[in-house]
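Novice: got a predicted structure here, sequence first:
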Amino acid sequence: MVCLCEGEKGDGSGKRTSIDPVFINKLMATLRPAWVRFEGSNVVRPQPCGGRGDLIKKMPAELKLCLSRGGDTTLMVWADCDDNCADGDTLKAAFWDEATAQGITKEQFDQVVFIFAKGRLENWIEFLQTESTDESKEGPRVKNTRDVADAAKKLARLCAAGQQVAGMPLSLQWSCKNWRTLVERMK
(Lines give C-alpha, C1' and ligand atoms only; values in the text may rest on other atoms or scores of the structure.)
Protein backbone atom coordinates (compact mmCIF):
# COMPACT_ATOMS: atom_id res chain seq x y z
CA MET A 1 0.00 0.00 0.00
CA VAL A 2 1.48 3.32 -1.08
CA CYS A 3 0.21 6.41 0.73
CA LEU A 4 1.16 9.76 -0.77
CA CYS A 5 0.74 12.66 1.62
CA GLU A 6 1.64 16.28 2.13
CA GLY A 7 4.60 17.23 4.29
CA GLU A 8 8.32 16.67 4.38
CA LYS A 9 10.38 13.64 5.29
CA GLY A 10 12.31 13.97 8.51
CA ASP A 11 16.04 14.53 8.07
CA GLY A 12 17.10 14.05 11.67
CA SER A 13 17.61 17.80 12.18
CA GLY A 14 14.72 18.16 14.61
CA LYS A 15 12.77 20.17 12.03
CA ARG A 16 9.01 19.59 12.32
CA THR A 17 7.93 16.83 9.97
CA SER A 18 4.48 15.74 8.92
CA ILE A 19 2.36 13.76 11.38
CA ASP A 20 0.64 12.09 8.42
CA PRO A 21 2.99 9.05 8.21
CA VAL A 22 2.45 8.26 11.91
CA PHE A 23 -1.33 8.53 11.52
CA ILE A 24 -1.38 6.52 8.27
CA ASN A 25 0.84 3.71 9.59
CA LYS A 26 -1.12 3.30 12.81
CA LEU A 27 -4.49 3.47 11.04
CA MET A 28 -3.54 0.84 8.46
CA ALA A 29 -1.81 -1.42 11.01
CA THR A 30 -4.94 -1.31 13.18
CA LEU A 31 -7.40 -1.75 10.29
CA ARG A 32 -5.35 -4.62 8.83
CA PRO A 33 -7.09 -4.71 5.42
CA ALA A 34 -7.71 -8.32 4.37
CA TRP A 35 -5.91 -7.93 1.03
CA VAL A 36 -2.68 -6.69 2.63
CA ARG A 37 -0.25 -9.27 4.02
CA PHE A 38 1.19 -7.77 7.20
CA GLU A 39 4.67 -9.27 7.11
CA GLY A 40 7.36 -6.85 8.17
CA SER A 41 7.32 -3.11 8.54
CA ASN A 42 7.08 -2.06 4.89
CA VAL A 43 3.48 -3.03 4.17
CA VAL A 44 2.38 0.59 4.19
CA ARG A 45 4.72 3.10 2.58
CA PRO A 46 3.83 6.68 3.48
CA GLN A 47 5.57 9.04 1.09
CA PRO A 48 5.57 12.74 2.04
CA CYS A 49 5.57 14.77 -1.18
CA GLY A 50 5.90 18.38 -0.01
CA GLY A 51 3.00 20.74 -0.65
CA ARG A 52 -0.39 19.94 -2.14
CA GLY A 53 0.64 21.14 -5.61
CA ASP A 54 3.64 18.80 -5.57
CA LEU A 55 1.42 15.96 -4.43
CA ILE A 56 -1.04 16.56 -7.28
CA LYS A 57 1.82 16.48 -9.82
CA LYS A 58 3.40 13.31 -8.38
CA MET A 59 0.22 11.24 -8.03
CA PRO A 60 -0.18 10.11 -11.69
CA ALA A 61 3.37 8.75 -11.92
CA GLU A 62 2.96 6.91 -8.62
CA LEU A 63 -0.34 5.46 -9.82
CA LYS A 64 1.39 4.17 -12.96
CA LEU A 65 4.03 2.50 -10.76
CA CYS A 66 1.37 0.88 -8.57
CA LEU A 67 -0.53 -0.40 -11.60
CA SER A 68 2.65 -1.79 -13.16
CA ARG A 69 3.32 -3.84 -10.01
CA GLY A 70 0.05 -5.69 -10.52
CA GLY A 71 -1.68 -7.58 -7.76
CA ASP A 72 -3.45 -5.58 -5.14
CA THR A 73 -1.10 -2.64 -4.72
CA THR A 74 -3.25 0.17 -3.37
CA LEU A 75 -2.55 3.87 -3.83
CA MET A 76 -3.98 6.21 -1.22
CA VAL A 77 -3.64 9.97 -1.48
CA TRP A 78 -3.84 11.97 1.75
CA ALA A 79 -4.15 15.75 1.41
CA ASP A 80 -5.56 18.80 3.12
CA CYS A 81 -8.56 20.51 1.61
CA ASP A 82 -7.53 24.02 2.67
CA ASP A 83 -9.58 27.23 2.67
CA ASN A 84 -9.06 27.63 -1.10
CA CYS A 85 -10.83 24.30 -1.72
CA ALA A 86 -14.55 23.93 -1.09
CA ASP A 87 -14.62 20.17 -0.45
CA GLY A 88 -13.15 16.78 -1.28
CA ASP A 89 -14.83 16.60 -4.68
CA THR A 90 -13.23 19.91 -5.69
CA LEU A 91 -9.77 18.71 -4.69
CA LYS A 92 -10.32 15.34 -6.36
CA ALA A 93 -11.13 17.23 -9.58
CA ALA A 94 -7.71 18.94 -9.40
CA PHE A 95 -6.07 15.51 -9.15
CA TRP A 96 -8.18 14.32 -12.10
CA ASP A 97 -7.08 17.27 -14.25
CA GLU A 98 -3.42 16.46 -13.64
CA ALA A 99 -3.99 12.73 -14.08
CA THR A 100 -5.61 13.14 -17.50
CA ALA A 101 -2.79 15.46 -18.56
CA GLN A 102 -0.36 12.62 -17.69
CA GLY A 103 -2.33 9.95 -19.56
CA ILE A 104 -4.29 8.33 -16.73
CA THR A 105 -7.65 6.82 -17.71
CA LYS A 106 -10.85 7.16 -15.68
CA GLU A 107 -10.74 3.45 -14.85
CA GLN A 108 -7.20 3.78 -13.50
CA PHE A 109 -8.00 6.99 -11.60
CA ASP A 110 -11.00 5.37 -9.92
CA GLN A 111 -8.65 2.86 -8.26
CA VAL A 112 -7.07 5.58 -6.10
CA VAL A 113 -8.38 6.06 -2.56
CA PHE A 114 -8.52 9.76 -1.70
CA ILE A 115 -8.44 10.81 1.95
CA PHE A 116 -8.88 14.57 2.35
CA ALA A 117 -9.02 16.40 5.66
CA LYS A 118 -10.56 19.87 5.70
CA GLY A 119 -8.01 22.25 7.15
CA ARG A 120 -5.53 19.72 8.51
CA LEU A 121 -5.40 16.18 9.78
CA GLU A 122 -5.21 17.79 13.22
CA ASN A 123 -8.94 18.57 12.93
CA TRP A 124 -9.66 14.85 12.79
CA ILE A 125 -7.35 14.22 15.73
CA GLU A 126 -9.10 16.96 17.70
CA PHE A 127 -12.47 15.37 16.90
CA LEU A 128 -11.26 11.89 17.82
CA GLN A 129 -9.91 13.19 21.14
CA THR A 130 -12.77 15.52 22.11
CA GLU A 131 -15.70 14.58 19.83
CA SER A 132 -15.71 18.16 18.57
CA THR A 133 -13.88 20.21 15.94
CA ASP A 134 -14.53 23.21 13.74
CA GLU A 135 -13.35 22.47 10.21
CA SER A 136 -13.72 26.12 9.24
CA LYS A 137 -10.41 26.73 11.03
CA GLU A 138 -7.29 24.63 11.36
CA GLY A 139 -7.15 22.35 14.36
CA PRO A 140 -4.40 22.82 16.94
CA ARG A 141 -0.96 21.45 16.02
CA VAL A 142 -0.27 18.03 17.49
CA LYS A 143 3.29 17.55 18.67
CA ASN A 144 3.02 14.23 20.50
CA THR A 145 3.11 11.24 18.14
CA ARG A 146 1.40 9.13 20.84
CA ASP A 147 -1.68 11.38 20.49
CA VAL A 148 -1.55 10.92 16.71
CA ALA A 149 -1.28 7.12 17.02
CA ASP A 150 -4.07 6.92 19.62
CA ALA A 151 -6.40 8.98 17.41
CA ALA A 152 -5.62 6.74 14.41
CA LYS A 153 -6.37 3.60 16.46
CA LYS A 154 -9.69 5.10 17.59
CA LEU A 155 -10.62 5.92 13.99
CA ALA A 156 -9.71 2.37 12.93
CA ARG A 157 -11.99 0.93 15.62
CA LEU A 158 -14.84 3.18 14.45
CA CYS A 159 -14.24 2.18 10.82
CA ALA A 160 -14.04 -1.53 11.62
CA ALA A 161 -17.29 -1.35 13.58
CA GLY A 162 -18.97 0.69 10.83
CA GLN A 163 -20.05 3.16 13.48
CA GLN A 164 -21.71 6.42 12.61
CA VAL A 165 -20.54 9.08 15.02
CA ALA A 166 -22.56 12.19 15.78
CA GLY A 167 -20.76 15.37 14.79
CA MET A 168 -18.17 13.61 12.64
CA PRO A 169 -16.46 16.22 10.43
CA LEU A 170 -17.75 16.25 6.85
CA SER A 171 -14.28 15.66 5.40
CA LEU A 172 -13.87 12.58 7.59
CA GLN A 173 -17.25 11.26 6.47
CA TRP A 174 -16.25 11.87 2.82
CA SER A 175 -12.93 10.07 3.32
CA CYS A 176 -14.51 7.13 5.16
CA LYS A 177 -16.89 6.67 2.23
CA ASN A 178 -13.89 6.42 -0.13
CA TRP A 179 -12.28 3.82 2.16
CA ARG A 180 -15.50 1.74 2.29
CA THR A 181 -15.64 1.82 -1.53
CA LEU A 182 -12.14 0.33 -1.66
CA VAL A 183 -13.01 -2.36 0.89
CA GLU A 184 -16.09 -3.36 -1.12
CA ARG A 185 -14.07 -3.45 -4.36
CA MET A 186 -11.47 -5.75 -2.75
CA LYS A 187 -14.04 -8.37 -1.62
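Specialist: On my side now, so go ahead. Numbering: from 1, shown residues only.
Novice: just confirm residue 155 is within a helix.
Specialist: Yes. Under DSSP: H, G, I helix; E, B strand; the rest coil, residue 155 sits within a helix.
Novice: contacting residues for it?
Specialist: 27, 124, 128, 172 (Cβ atoms under 8 Å, 6 or more residues apart in numbering). Using the backbone N, CA and C atoms, a C-beta is placed for each residue, glycine as well.
Novice: and the second one, how many neighbours?
Specialist: Burial of residue 124, expressed as a neighbour count using other Cβ atoms under 10 Å, amounts to 25.
Novice: in helices, which of the contacts of residue 155 fall?
Specialist: Counting by DSSP state H, the contacts of residue 155 place 27, 124, 128, 172 in helices.
Novice: nearest residue to the residue nearest in space to the middle of the chain in space, ignoring adjacent ones along the chain?
Specialist: With distances taken as Cα atoms, centre = their mean, the residue of the chain nearest its centroid is residue 78 (3.1 Å). Among residues not flanking residue 78 along the chain, residue 5 sits closest, at 4.0 Å (Cβ to Cβ, 6 or more residues apart in numbering).
Novice: tell me which residues are up against stretch 128-142.
Specialist: 19, 118-120, 122-127, 147-148, 150-151, 154-155, 165-167, 169-171.
Novice: among those residues, name the buried ones.
Specialist: Those of those that meet the buried threshold are 19, 118-120, 122-127, 147-148, 151, 154-155, 169, 171, by 16 or more other Cβ atoms under 10 Å.
Novice: residue 89 is in what secondary structure piece?
Specialist: Per DSSP states H and E, residue 89 falls inside helix 88-101.
Novice: so which bits of that helix are buried?
Specialist: 88, 91-92, 95-96, 98-99.
Novice: and which of those residues is nearest to residue 159?
Specialist: Set against residue 159, the nearest of the buried residues of helix 88-101 by Cβ to Cβ is residue 88 (16.8 Å).
Novice: pLDDT wise, what is that closest one at?
Specialist: Reported pLDDT at residue 88 in the predicted model: 91.
Novice: I'd say it and residue 175 touch.
Specialist: Yes. If you go by Cβ atoms under 8 Å, residue 88 and residue 175 touch, sitting 7.1 Å apart.
Novice: need the overlap of contacts for those two.
Specialist: Residues within reach of residue 88 and of residue 175 at once, by Cβ under 8 Å, 6+ apart, are 114, 116.
Novice: before we move on, back to that, name the helices or strands packed onto the helix holding residue 89?
Specialist: Secondary-structure packing of helix 88-101 (3 or more Cβ pairs under 8 Å, 6 or more residues apart in numbering; DSSP states H and E): helix 52-69, strand 75-81, helix 106-109, strand 113-118, helix 170-186.
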